[in-house]
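Engineer: quick one: sequence plus predicted model below, questions after.
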Amino acid sequence: MKKILGILGGMGPAATADLFTKIVSMTEAGSDAEHIRVIIDSNSAIPDRTAAILSGGKDPVPEMLSALRNLEKCGAGCVILPCNTAHFFLPRLRTETSIPILNMLESAAKRCAELYPGKKAAVLATVGTLSTGLYDAALEGAGVPFLLPDDSERETLMYLIYDVVKASGPIAPERERWRGLLDGLRARGAEVFILGCTELPILSEALDVPGPFIDPTAELARAAIEFCGYKVREQKR
């Protein structure tokens, strides 16, 4: 039975749009009617997840629950969150609903193990996501060796995520900064890069610097398409 897909979005809006675009492009469909019915609540009022985790910022769960209730009312058969850091709050959300909520990080780790067995993955993410150890657990569970950014690399990532993509700043001037970040991680042993913040696939696609990359947004789209009873149109890597 086909399911309605709910997207608990707004974290941020561009990342939500990117996820929806990928769901549409990755669904095997020959007409409008063959696509998934998708309900999106892009709640940009959800407080910053990294601030909540690291510095006592406002709890994002009440606003996330507000969006979740809307998705429930609209008949969503499963829910996805286009925000890696938000998965820290996933256990709390799951206690509040009977609707399945898919896990982006686990989907990305599984795909990394399938495509690049034995390769060392660098986790590119916010300091909030990195501090939780969620990717550590997901990658260890999938048998993927990994390394984490050092303090300087984390500063660069936070700048690119918050001051460039989330701020709707120009991306093109950041090409060499992005290349330098990847080259530094490669020199430390990285063989594949996990774009573990939903703003990073947007940045990576715009700058077209060689990876290889695992895009958790695309892997979440893949998992959602299959869970809702549809087929994935395989993309060229």
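Structural biologist: Everything's here; your move.

Engineer: my guess is residue 53 meets residue 84, correct?
Structural biologist: No: contact criterion Cβ atoms under 8 Å: residue 53 and residue 84 do not qualify, at 11.8 Å. From N, CA and C alone the C-beta is placed, and that goes for glycine too.

Engineer: which one's more surrounded, these two?
Structural biologist: residue 84 (33 against 19; other Cβ atoms under 10 Å).

Engineer: wait, that one touches residue 106, no?
Structural biologist: No: contact criterion Cβ under 8 Å: residue 84 and residue 106 do not qualify, at 11.4 Å.

Engineer: overlap in contacts, these two.
Structural biologist: Overlap of the contact sets of residue 84 and residue 106 (by Cβ atoms under 8 Å, 6 or more residues apart in numbering) is empty.

Engineer: so residue 25 versus residue 233, what's the distance?
Structural biologist: Taking Cβ to Cβ, to the nearest Å as the measure, residue 25 falls 7 Å from residue 233.

Engineer: low-confidence ranges in the protein?
Structural biologist: The model of the chain has pLDDT under 70 over residues 235-237.

Engineer: what about 50?
Structural biologist: The chain contains residues with pLDDT under 50 at 237.

Engineer: so residue 189 sits against residue 147, correct?
Structural biologist: Yes: contact between residue 189 and residue 147 holds when scored by Cβ under 8 Å: they sit 6.1 Å apart.

Engineer: what's the overlap in contacts for these two?
Structural biologist: residue 120.

Engineer: these two - which one has more neighbours?
Structural biologist: residue 147 (14 against 11).

Engineer: residue 21 is in what secondary structure piece?
Structural biologist: Using DSSP states H and E, residue 21 falls within helix 13-26.

Engineer: after that helix comes which helix or strand?
Structural biologist: Helix 13-26 is succeeded, C-terminally, by strand 38-42 (DSSP H and E).

Engineer: got the buried residues for the helix or strand just after that following strand?
Structural biologist: Next in sequence after strand 38-42, counting helices and strands by DSSP H and E, comes helix 49-55. By 16 or more other Cβ atoms under 10 Å, the buried positions in helix 49-55 come out as 49, 50, 52, 53.

Engineer: ok, now stretch 191-206?
Structural biologist: So, applying 16+ other Cβ under 10 Å, buried residues of stretch 191-206: 191-204, 206.

Engineer: what's the answer for stretch 103-119, then?
Structural biologist: Using 16+ other Cβ under 10 Å as the burial criterion, the residues of stretch 103-119 that qualify are 103, 104, 105, 106, 107, 108, 109, 110, 111, 112, 113.

Engineer: could you export the residues you listed as CSV, including secondary structure?
Structural biologist: Shown next, in CSV, are these (DSSP: H, G, I helix; E, B strand; the rest coil):
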residue, secondary structure
103, coil
104, helix
105, helix
106, helix
107, helix
108, helix
109, helix
110, helix
111, helix
112, helix
113, helix
